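Chemist: Next one to model:
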Amino acid sequence: MAVNYRHGLSILELIVYFPALFISLWMGFRHGFKRSSGWVLLVIFSLARIIGSCCYLATISHPATINLYIAWGVCTSLGLAPLTSTCIALLSRANDSIERKTGRGVHPLLFRLLGLITLAGMVLCIVGSTESTNLTDIVNSSEAKIGDVLYLVAWVGLCAMLLLIGSKYHSIEDGEHRLLLAVGISVPLLLVRLIYSLLSVFTHRSTFNMFAGNVTVMLFMAVLEEMVIVVVCLGVGVTLATRSRPAEYEACDMPAQTGSALESRRNPGETYATKRRAPRQKRRRGGPIAQLVGLIIDKINDRE
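Modeler: So this is what the prediction gives:
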């Protein structure tokens, strides 16, 4: 079997998603691999696209192996769930920023509800793909139709959350406003991708058939949209600073506060000036240059 237009799309996806996978892993190590952070979802999405593309390229040598097409269909059906959940996670981070600054963020239960709806849609799409015995059943399965309807509900909820968080724009911390920009760019692209999926499962037009439809339509309504969303989310993520929750700050400050209290109890007659004159004993990390810079800083502080 010769390489055709559709195989070319798989090659394009490998070129894009291999770097995206490593960048997503780096973002996970930097910001955390919790599901709420969103970066682990981009890792899953990139892996799904890489595995699906490899399975479809394998049909060049094994064109009669239906399991390869089914594996590709399963990986393709995973597209909407991780991308939608990533946008939900980015909005959740913006909401955490509002909570830290004003204490008037949206209740986290709403984000969890949207995540559960998206997860249910993904599970149904996977079940519809794995239980099918031929390519037609994968496209027209009732589970896939219900799953796409749940994706649509999740998308509507995502838009509502974007408007709600956007109404609190001035309450977001500096450097976190770009999260809304990433989600704002991704939402219309997700809609186009969702429309393609809905047309694929609810209509019988060959143009939108996932396996035998128009490849150009698939490219401009599904493949490119997914790529742009991943690039935008990762591009914004690279510029974000690492953030800690307020509870973590309190936990870090507790030992220092406790130590100061104990010290004042042991030496009640010690004045503030005496503490300032007392030599500081710190265990420094780093090489000789870092040690020297730290020593100079201590000397300057002692002279003030």
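Chemist: show me where pLDDT drops low in the stretch 201-304 of the chain?
Modeler: Within the stretch 201-304 of the chain, the segments meeting pLDDT under 70 span 244-304.
Chemist: in stretch 18-29, what counts as buried?
Modeler: Using 16 or more other Cβ atoms under 10 Å as the test for burial, stretch 18-29 gives Ala20, Leu21, Ile23, Ser24, Leu25, Met27, Gly28. Placement of C-beta: from N, CA and C, glycine included.
Chemist: can you give me the helices in the stretch 1-150 of the chain?
Modeler: 5-31, 39-58, 66-77, 80-101, 108-130, 135-140, 142-166 (DSSP state H, counting those that start in this stretch).
Chemist: and among those helices, the most buried is which?
Modeler: Greatest average neighbour count among these goes to helix 80-101 (a mean of 24), per mean count of other Cβ atoms under 10 Å.
Chemist: which helices and strands does that one pack with?
Modeler: With contacts taken as 3 or more Cβ pairs under 8 Å, 6 or more residues apart in numbering; DSSP states H and E, helix 80-101 sits against helix 39-58, helix 108-130, helix 142-166, helix 178-202, helix 224-239.
Chemist: Try it again at 10 Å.
Modeler: Helices and strands touching helix 80-101, as assessed by 3 or more Cβ pairs under 10 Å, 6 or more residues apart in numbering; DSSP states H and E, comprise helix 39-58, helix 108-130, helix 142-166, helix 178-202, helix 224-239, helix 246-266.
Chemist: what's the following helix or strand past the fourth one packed up against?
Modeler: Using DSSP states H and E, the helix or strand that follows helix 178-202 towards the C-terminus is helix 215-218. For helix 215-218, the packing partners by 3+ Cβ pairs under 10 Å, 6+ apart come out as helix 5-31, helix 178-202.
Chemist: Find me the pLDDT at the residue nearest the centre of the chain, would you?
Modeler: Central residue check for the chain by Cα atoms, centre = their mean: the C-alpha nearest the mean position is that of Gly38, 2.5 Å away. At Gly38, the model reports a pLDDT of 80.
Chemist: Next up, the contacts around it.
Modeler: Contacts for Gly38 (Cβ atoms under 10 Å, 6 or more residues apart in numbering) come out as 24, 27-28, 31-32, 82-83, 85-93, 179, 182, 233, 237.
Chemist: ok, now how distant is the closest residue to it other than its chain neighbours from Gly115?
Modeler: Of all residues not flanking Gly38 in the chain, Ala89 sits nearest, at 3.0 Å (Cβ to Cβ, 6 or more residues apart in numbering). From Ala89 across to Gly115, the span is 8 Å (Cβ to Cβ, to the nearest Å).
Chemist: for Asp96, same thing?
Modeler: From Asp96 to Gly115 the distance is 15 Å (Cβ to Cβ).
Chemist: do Asn214 as well
Modeler: Taking Cβ to Cβ, one finds Asn214 at 33 Å from Gly115.
Chemist: For the residue nearest to Tyr5 when sequence neighbours are not counted, the count of nearby residues, please.
Modeler: Nearest non-adjacent residue to Tyr5, counting by Cβ to Cβ, 6+ apart: Val215, 4.6 Å away. By other Cβ atoms under 10 Å, 15 other residues sit near Val215.
Chemist: again, but for Val223
Modeler: 21.
Chemist: so what pLDDT did the closest residue to it other than its chain neighbours get?
Modeler: Excluding its sequence neighbours, the residue lying closest to Val223 (Cβ to Cβ, 6+ apart) is Leu9, at 5.7 Å. At Leu9, the pLDDT value in this model is 93.
Chemist: now Lys101
Modeler: 89.
Chemist: and if you look at the one 10 residues further on?
Modeler: As predicted, Phe111 sits at a pLDDT of 94.
Chemist: what do you get for the one 10 residues further on?
Modeler: According to the per-residue confidence, Gly121 scores 92 in pLDDT.
Chemist: quick one: the nearest residue to it once chain neighbours are set aside from Cys125, how far?
Modeler: Of all residues not flanking Gly121 in the chain, Leu150 sits nearest, at 3.4 Å (Cβ to Cβ, 6+ apart). Using Cβ to Cβ, one obtains 9 Å as the distance from Leu150 to Cys125.
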